[in-house]
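S.K.: Got a predicted model here, sequence first, then my questions.
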Amino acid sequence: MLTGINTDVPYEKLASLKMPEEETQHRYKAQKYYWFVFLVPTLLLAVMVLQALLVPLPSRTLRQTCTDPCRLVLVESIPEGLSFNTSTTNPSIYQTWLDLISEAQSSLDIASFYWTLTNKDTGTHEQTANQGEDILAGLTRLSKEGRVSVRIAVSMPQESQPQEDLAILSNAGADVRKVNMRELTSGVLHTKFWVVDRKHIYIGSANMDWRSLTQVKELGAVVYNCSCLAEDLGKIFQAYWYLGEAGKTIPSHWPANYSTPYNKDTPLELSLNGTPSSTYLSSSPPALCADGRTQDLKAILSVIDDAHQFVYIAVMNYLPTMEFSHPKRYWSDIDTQLRRVAYERRVHVRLLISCWASTQPAMFPFLRSLASVNDHKSKLDIQVKLFVVPANPRQKEIPYARVNHNKYMVTDKVAYIGTSNWSGDYFVHTAGSALVVNQTSAQSTESTVQEQLQAVFERDWDSSYSTPINQHTDLNRLC
Ligand SMILES: *[C@@H]1O[C@H](CO)[C@@H](O)[C@H](O)[C@H]1NC(C)=O
Ligand SMILES: *[C@@H]1O[C@H](CO)[C@@H](O)[C@H](O)[C@H]1NC(C)=O
Ligand SMILES: *[C@@H]1O[C@H](CO)[C@@H](O)[C@H](O)[C@H]1NC(C)=O
Ligand SMILES: *[C@@H]1O[C@H](CO)[C@@H](O)[C@H](O)[C@H]1NC(C)=O
Ligand SMILES: *[C@@H]1O[C@H](CO)[C@@H](O)[C@H](O)[C@H]1NC(C)=O
């Protein structure tokens, strides 16, 4: 729930501030003096007021406070067979999704990249697909009941991609819209989030894929009882929903009701797990950002810039390039920022990157380059490790599995939970979004979101699944 004063100007009134109709000639002559001395300055003033009111739209809306008792829980998928030596464990994404499905009273909106919740696509007979199948069954049941409006925005599937889940859900009564990001921005819809009853949200790395529950390592966040945040994420969903209608193009300027007062400069102040926090949701690509929305890249750069002691990053892919562009293009925004804070402010930087059969070899020279910015005497400390999810012969049969798919960052101050791979394309063409949580002080006995995310990072970094990259790392053997 939002409280506070809204300073929105009544647009109708402004619109009626038109030049007065030209009056009859003789009266005009009589009023010449009046025009110059009184009306012209008044009109000039009106124009200035109009400009002042219309230009800084995000700052125009007064900061609002949120009185919801928001609860954030980090949730994970730990692939079958992985075990860590620490007590850092989080609820599973599978259980979280089941709970959200059973919790839904009126609406469930899902933004998604693709759907393969059953094992039909792989041709293996994987027992561990059962969790994905449960989720599909739950969503189908909910859509059939008709009590809850189920809406799914999905990236326009290519011919080769399975569409069976979407057909099942659509037949059961769910509303499905396919967003043609390829045509709109030469990208895809890579976002993965849920908005339930305009009150609870889930956001994270997991795709609507059975592997994302049992065979791929994922991290996300669920925020319960938080209509302020849910309404804001709902605006991002609504933009996908709009673009999913046939024949729609990206508006040159998104209508005012898509805009947000919450961003990196004026975050949403709320109580999260009993701790005062400021949060916002970022979005990419820029063309999908309405007024006030922080672009995902800008969020990342500002979180890195804000760190005082450390920046820990866990992402699947890291490339200072436009991965999919021809001709090739170098893209160093994030890379430069990391080197800058390491050099200028002696911030400790750690990157935990994934290594698996499908890893692009071009990633490694750039990672080695970053890792070589390490010198005790100069107090330069960038370290890079590769995380490998081991697979037994049976697990090796599962295509596109056994990988760390995390996409988050944690600094000494802020937790950033995103949905994008870290290469240029994801911030320029591809739709993604992230939740940024800034908790300056812990006032409750519970650890902060930042502390919890740091514990997850350290668990993985210190585990035997992570190997430092250096000039001698034998990548062919490792990945
Ligand atoms: C993110 O990166 C992985 C690994 O390259 C890839 O499989 C996945 O398709 C990427 N996401 C998109 C939207 O391209
Ligand atoms: C959300 O609020 C309801 C009603 O106040 C409460 O019963 C429920 O436990 C809350 N959920 C969480 C996860 O805190
Ligand atoms: C903004 O208003 C239009 C017209 O009423 C509506 O179709 C659209 O869904 C709204 N967008 C949001 C984010 O609420
Ligand atoms: C976190 O909050 C503090 C205090 O309000 C602010 O100075 C800082 O810029 C914020 N950091 C980020 C990354 O938003
Ligand atoms: C757990 O500890 C044992 C014994 O020290 C070690 O062999 C193993 O690699 C550790 N596992 C992880 C995931 O770190």
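M.R.: Good, I have the coordinates. Ligands and ions are numbered 1, 2, ... in the order given.

S.K.: okay, CA-based contacts and neighbour counts for the rest of this
M.R.: OK.

S.K.: Next, count neighbours for the one residue in the stretch 51-200 of the chain that gets nearest to ligand 1.
M.R.: Minimum separation of the stretch 51-200 of the chain from ligand 1 (C-alpha to the nearest ligand atom) falls at His190, amounting to 5.1 Å. Number of residues near His190 (other C-alpha atoms under 10 Å) recorded here: 24.

S.K.: Spell out which residues of the protein are next to ligand 3.
M.R.: Within the chain, the positions near ligand 3 by C-alpha under 6 Å from any ligand atom are Lys235, Gln238, Asn257, Tyr258.

S.K.: Other residues contacting the helix or strand harbouring the second one?
M.R.: Secondary structure assignment for Gln238, by DSSP states H and E: helix 227-243. With C-alpha atoms under 8 Å, 6 or more residues apart in numbering as the contact definition, helix 227-243 has outside contacts at 1-2, 66, 68, 109-111, 153, 177, 179-180, 195-196, 198-201, 248-250, 258-260, 280-281, 283, 288.

S.K.: Just the CA trace of that helix, in CSV.
M.R.: Listed next in CSV are the C-alpha coordinates belonging to helix 227-243 (Å, rounded to 0.1, in the frame of the first residue of the first chain):
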residue,chain,number,x,y,z
SER,A,227,2.2,-4.5,-3.3
CYS,A,228,4.5,-1.4,-3.8
LEU,A,229,7.1,-3.5,-5.5
ALA,A,230,4.6,-5.8,-7.2
GLU,A,231,2.8,-2.8,-8.7
ASP,A,232,6.1,-1.5,-10.1
LEU,A,233,7.1,-4.8,-11.5
GLY,A,234,3.6,-5.0,-12.9
LYS,A,235,4.3,-2.0,-15.1
ILE,A,236,7.3,-3.8,-16.7
PHE,A,237,5.0,-6.8,-17.3
GLN,A,238,2.4,-4.6,-18.7
ALA,A,239,4.9,-3.2,-21.3
TYR,A,240,5.6,-6.8,-22.4
TRP,A,241,1.9,-7.5,-22.5
TYR,A,242,1.3,-4.5,-24.7
LEU,A,243,4.1,-5.4,-27.1
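
S.K.: Please name the nearest non-neighbouring residue to Ala362.
M.R.: Nearest non-adjacent residue to Ala362, counting by C-alpha to C-alpha, 6 or more residues apart in numbering: Leu319, 7.9 Å away.

S.K.: thought that neighbour was touching Ser423?
M.R.: Yes. Between Leu319 and Ser423 there is a contact at 4.8 Å, judged by C-alpha atoms under 8 Å.

S.K.: hmm, back to that, what's the ChimeraX line that selects buried ones from the contacts of helix 227-243?
M.R.: ChimeraX command restricting the contacts of helix 227-243 to the buried ones, with burial defined by 16 or more other C-alpha atoms under 10 Å:
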select :66,68,109,110,111,153,177,179,180,195,196,198,199,200,201,258,259,260,280,281,283,288
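
S.K.: among the contacts of helix 227-243, which are in strands?
M.R.: Members of the contacts of helix 227-243 lying in strands (criterion: DSSP state E): 2, 66, 68, 109-111, 153, 177, 179, 195-196, 200-201, 280-281, 283.

S.K.: Let me know the distance separating Ser259 from Cys66.
M.R.: 18 Å (C-alpha to C-alpha, to the nearest Å).

S.K.: Single out the residue in the stretch 351-479 of the chain that lies closest to ligand 3.
M.R.: Ser433 (15.6 Å).

S.K.: Identify the spatial nearest neighbour of that residue, chain neighbours not counted.
M.R.: Ser283 is the one closest to Ser433 (C-alpha to C-alpha, 6+ apart), at 4.2 Å.

S.K.: and the one you found, what does it touch?
M.R.: Taking C-alpha under 8 Å, 6+ apart, one finds Ile236, Cys289, Arg293, Thr294, Gln295, Asp296, Ala431, Gly432, Ser433, Ala434 in contact with Ser283.

S.K.: Just the ones of those in strands?
M.R.: Those of the contacts of Ser283 lying in strands (DSSP E): Gly432, Ser433, Ala434.

S.K.: Correct me if wrong: the first one contacts Val188.
M.R.: No. Distance between Gly432 and Val188: 9.0 Å, which falls outside the contact criterion (C-alpha under 8 Å).

S.K.: Of these two, which one has the most company?
M.R.: Neighbour count, other C-alpha under 10 Å: between Gly432 and Val188, Gly432 has more, with 28 against 23.

S.K.: Please identify which helix or strand holds Ile353.
M.R.: Here Ile353 is assigned to strand 348-354, by DSSP H and E.

S.K.: Flag every buried residue along the next helix or strand after that strand.
M.R.: Later in the chain than strand 348-354, the nearest helix or strand by DSSP H and E is helix 363-371. Of the residues in helix 363-371, Met363, Phe364, Phe366, Leu367, Arg368, Leu370, Ala371 count as buried by neighbour count, 16+ other C-alpha under 10 Å.

S.K.: I am finished for the moment; much appreciated.
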